[in-house]
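Novice: here's my sequence, what's the structure:
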Amino acid sequence: MGSNYYLIAQLPYLIYEQKPPMPSGELKNLAERHMNKKDYDLFKYLSFEFDNVKRTGCDFVDGFMEWELSLRQNLAVQRAVKSKREAPPKEPVFNISAAAAALKAIDEKSPLDAEFLLDKARWNAIDELAGSDNFSRNYLYAYFLKLLLIERREAFNEEKGFSEYKTLYASILETYNEMESVQESQGEHT
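Specialist: Residues are numbered from 1 along each chain as shown. Predicted coordinates:
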């Protein structure tokens, strides 16, 4: 705990909608210098970019990964229901707060607002999983994940996103019109 105390004591307090007080890479470097190898190996594992969940033996890390997996699976089911498509073949891992976040996000009118809602739900889940010991390794893990969320939020750019949406939509329409033309010309030849 001693090395965690010195590392944690120098970290600025995080607020969800603030600018990142430091890059996540800088925190990783600090953690590598101050954490023991076993704890740092778990620290490196933390991410929002994963395809499957492996058990680590750390309640916080395992709980977070299961919560995130539950959120993703519930989002997939809700999106399938909303678009009247077949639901994914896997039964979602059930977590009440993750399922509720997915249900609320799917009803958002704006994709950006849905992303903000999901990230706020992630933030709250991280807080709940981290517990109350502000000088534990779980606090460091939670801090890092929250810093990643803040960086993610900072990366959203509404103008750029809308521009990319318009480009993608135009491309879809163009492809659709080409397919219609091909079908019409094939109909003329039969």
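Novice: so the closest residue to residue 123 other than its chain neighbours, which of the three states?
Specialist: What sits nearest to residue 123 in space, not counting adjacent residues and going by CB to CB, 6 or more residues apart in numbering, is residue 16, at 5.4 Å. All C-beta atoms are positioned from the backbone trio N, CA, C, and that covers glycine. Using DSSP: H, G, I helix; E, B strand; the rest coil, the structure places residue 16 in coil.
Novice: same question, residue 19
Specialist: coil.
Novice: look up how far residue 149 lies from it.
Specialist: Distance, residue 19 to residue 149, by CB to CB, to the nearest Å: 13 Å.
Novice: with neighbour numbers in mind, choose between those two.
Specialist: Taking neighbours as other CB atoms under 10 Å, residue 19 and residue 149 compare with residue 149 leading, 21 against 9.
Novice: which residue lies nearest the spatial centre of this structure?
Specialist: By CA atoms, centre = their mean, the mean C-alpha position of the chain lies nearest to residue 48, the distance being 5.0 Å.
Novice: phi, psi for that one please.
Specialist: The phi and psi torsions at residue 48 (degrees, to the nearest 10) take the values phi -100, psi 10.
Novice: roughly how far apart are it and residue 69?
Specialist: For residue 48, the distance to residue 69 equals 11 Å [CB to CB].
Novice: hmm, back to that, verify the contact between the residue nearest to residue 123 and residue 149 for me.
Specialist: Yes. Counting by CB atoms under 8 Å, residue 149 is a contact partner of residue 16 at 7.5 Å.
Novice: who touches both of those two?
Specialist: By CB atoms under 8 Å, 6 or more residues apart in numbering, residue 16 and residue 149 have these common neighbours: 119, 123.
Novice: for stretch 48-67, C-alpha coordinates in PDB please.
Specialist: Provided in PDB are the C-alpha atoms of stretch 48-67 (Å, rounded to 0.1, in the frame of the first residue of the first chain):
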ATOM      1  CA  PHE A  48     -12.400  -0.400 -23.000                       C
ATOM      2  CA  GLU A  49     -11.000  -2.200 -26.000                       C
ATOM      3  CA  PHE A  50     -11.500  -6.000 -25.500                       C
ATOM      4  CA  ASP A  51     -13.300  -8.800 -27.200                       C
ATOM      5  CA  ASN A  52     -13.500 -11.300 -24.400                       C
ATOM      6  CA  VAL A  53     -13.200 -11.400 -20.700                       C
ATOM      7  CA  LYS A  54     -10.600 -13.400 -18.900                       C
ATOM      8  CA  ARG A  55     -10.700 -13.900 -15.100                       C
ATOM      9  CA  THR A  56      -7.900 -12.100 -13.400                       C
ATOM     10  CA  GLY A  57      -8.600 -12.900  -9.700                       C
ATOM     11  CA  CYS A  58      -9.000  -9.200  -8.900                       C
ATOM     12  CA  ASP A  59     -12.600  -8.400  -7.900                       C
ATOM     13  CA  PHE A  60     -12.500  -4.900  -9.300                       C
ATOM     14  CA  VAL A  61     -11.000  -5.800 -12.700                       C
ATOM     15  CA  ASP A  62     -13.200  -8.900 -13.100                       C
ATOM     16  CA  GLY A  63     -16.300  -6.900 -12.000                       C
ATOM     17  CA  PHE A  64     -15.500  -4.100 -14.400                       C
ATOM     18  CA  MET A  65     -15.000  -6.400 -17.300                       C
ATOM     19  CA  GLU A  66     -18.200  -8.300 -16.600                       C
ATOM     20  CA  TRP A  67     -20.100  -5.000 -16.300                       C
END
